[in-house]
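1. got a sequence here, can you model it:
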Amino acid sequence: MRTNPRQLTLLGVVQAQGSVTVEQLAETLGVTLQTVRRDVQRLADDGLLARFHGGVRVPSSTTENLAHQQRESLNADGKARIALSVAAAVPNHCSLILNIGTTTEAIARALLRHTGLRVITNNLNVASILSTNPACEVIVVGGVVRGRDQGIVGEAAVDFIRQFKVDVALIGISGIEADGSLRDYDYREVKVSQTIISHAREVWLAADASKFNRPAMVAVATLSQIDRLFTDVPPPEPFPTLLGEAQVRLTLAAP
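-> Predicted coordinates for the structure are as follows:
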C-alpha cells in the first residue's frame, strides 16, 4: 500500500500522541469519521497502526521493525524527495558509506547520474542499484546477509568497515526519540551503523516524517553525532530545539 498525504499526516498525529480517538483524528484532519475509519483500517491492515475500541495507537513493539515491503511503501513520495535533496548535496568524486534502509535505497537511485563515486555499503539492494552506474565503484561489506531486507550485519561487517574513512556516511534510521536518541531494532545492525558513523568525516541522516517519535529498542547514536539531517517536513517539537542545540544543519526536501 502507498500512503497518501492524509494518511501520512494521520500517522504523524498518532505517533506524536501515542494514542488518539477516531473523533479526535477526524477533527484534527478536517475529514469525516468514515474517512478516518477507512484510513485507519488500511494502515492497521498494513501493520502501521494498532486499533482499539474507539481509537488507534502506535504499534506497541519496540523490538521488531516493519517488513521491508511495508517500509518501502510508507511515505514513498517523501523518501524520494529526500533522496533527491541528498543527491543534490553529494559532490561527484567523493567516498560514501550507505547503510541499511529503504531511504538509503532511494538515495542510491538518486545517485545514478553521479560520477566518480566510491560507495561502501552493507545493503545489497543499494549495491545492486548503484552497480548499474558504470561511473561508480561499489564495495560490498562482508558479513551475514539478513534475508528479509538484504542487509549485511555482524562482526565481520564491523571489522570490514573499520578499514575505511569516507567523506560522508549517508545513514537511515528506524526512529528518532524525543530525547534526541537515534534508535533501531537489531543490535547487530546497530553495531555496524555505529562503526559507519565513527569512520566518516561527515554524517548525514536521512529520515522521513514517520521516524520522529517512533520508538525502537537499541540506541545507535544521538543527534549530536550528526552533521546534517535531510527530511521531508518540518520536524515536530521538541526536535527543532534539539537540532539547534546539537548544531545539526536541517535540510527540508522540496515539495
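2. make it CA atoms for all contacts and neighbour counts henceforth
-> OK.
3. could you pull out the strands for the stretch 51-200 of the chain?
-> Counting by DSSP state E, counting those that start in this stretch, the stretch 51-200 of the chain has these strands, from start to end: 55-57, 95-98, 117-121, 136-140, 144-146, 151-153, 166-171, 175-176, 181-184, 200-206.
4. any idea which of the ones you listed gets closest to residue 218?
-> Closest approach to residue 218 among the strands of the stretch 51-200 of the chain is made by strand 181-184 (5.3 Å; Cα to Cα).
5. paired strands for that closest one, with orientation please.
-> Strand 181-184 has the following strand partners under DSSP bridges: strand 175-176 (antiparallel), strand 218-222 (antiparallel).
6. between these, which one is closest to residue 5.
-> Here strand 175-176 is closest among those (Cα to Cα), at 19.8 Å.
7. residue 170 is in contact with residue 98, isn't it?
-> Yes: between residue 170 and residue 98 there is a contact under Cα atoms under 8 Å: 5.0 Å.
8. pLDDT below threshold where in the stretch 51-200 of the chain?
-> 53, 60-74 (pLDDT under 70).
9. next up, the contacts around residue 238.
-> residue 178 (Cα atoms under 8 Å, 6 or more residues apart in numbering).
10. distance of it from residue 232?
-> Between residue 238 and residue 232 the computed distance is 17 Å (Cα to Cα, to the nearest Å).
11. count of residues packed around residue 245?
-> Residues near residue 245, counting by other Cα atoms under 10 Å, number 11.
12. hmm, I typed the wrong one, I wanted residue 26.
-> For residue 26, the neighbour count with other Cα under 10 Å is 17.
13. what do you get for the one 10 residues further on?
-> Close neighbours of residue 36, defined as other Cα under 10 Å, add up to 22.
14. that one and residue 22 touch, don't they?
-> Yes: counting by Cα under 8 Å, residue 22 is a contact partner of residue 36 at 6.7 Å.
15. could the strands of the stretch 51-200 of the chain go into CSV alongside distance to residue 75 and mean neighbour count?
-> Output for these, formatted as CSV (distance: least, Cα to Cα, whole Å; neighbours: other Cα atoms under 10 Å):
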stretch, distance to residue 75, mean neighbour count
strand 55-57, 19, 20
strand 95-98, 20, 24
strand 117-121, 23, 22
strand 136-140, 27, 18
strand 144-146, 23, 15
strand 151-153, 21, 24
strand 166-171, 17, 23
strand 175-176, 15, 25
strand 181-184, 19, 23
strand 200-206, 13, 21
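16. the ones you listed into CSV, with extra columns for distance to residue 217?
-> Formatted as CSV, these follow (distance: least, Cα to Cα, whole Å):
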stretch, distance to residue 217
strand 55-57, 18
strand 95-98, 22
strand 117-121, 23
strand 136-140, 27
strand 144-146, 18
strand 151-153, 17
strand 166-171, 18
strand 175-176, 9
strand 181-184, 6
strand 200-206, 19
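17. mind checking the ones you listed for the one nearest to residue 28?
-> Nearest of these to residue 28, taken as Cα to Cα: strand 55-57 at 13.7 Å.
18. and the closest one, what other elements does it pack with?
-> helix 5-17, strand 19-21, strand 50-52 (3 or more Cα pairs under 8 Å, 6 or more residues apart in numbering; DSSP states H and E).
19. those: which one's closest to residue 164?
-> Residue 164 lies closest, by Cα to Cα, to one member of these: helix 5-17, at 37.2 Å.
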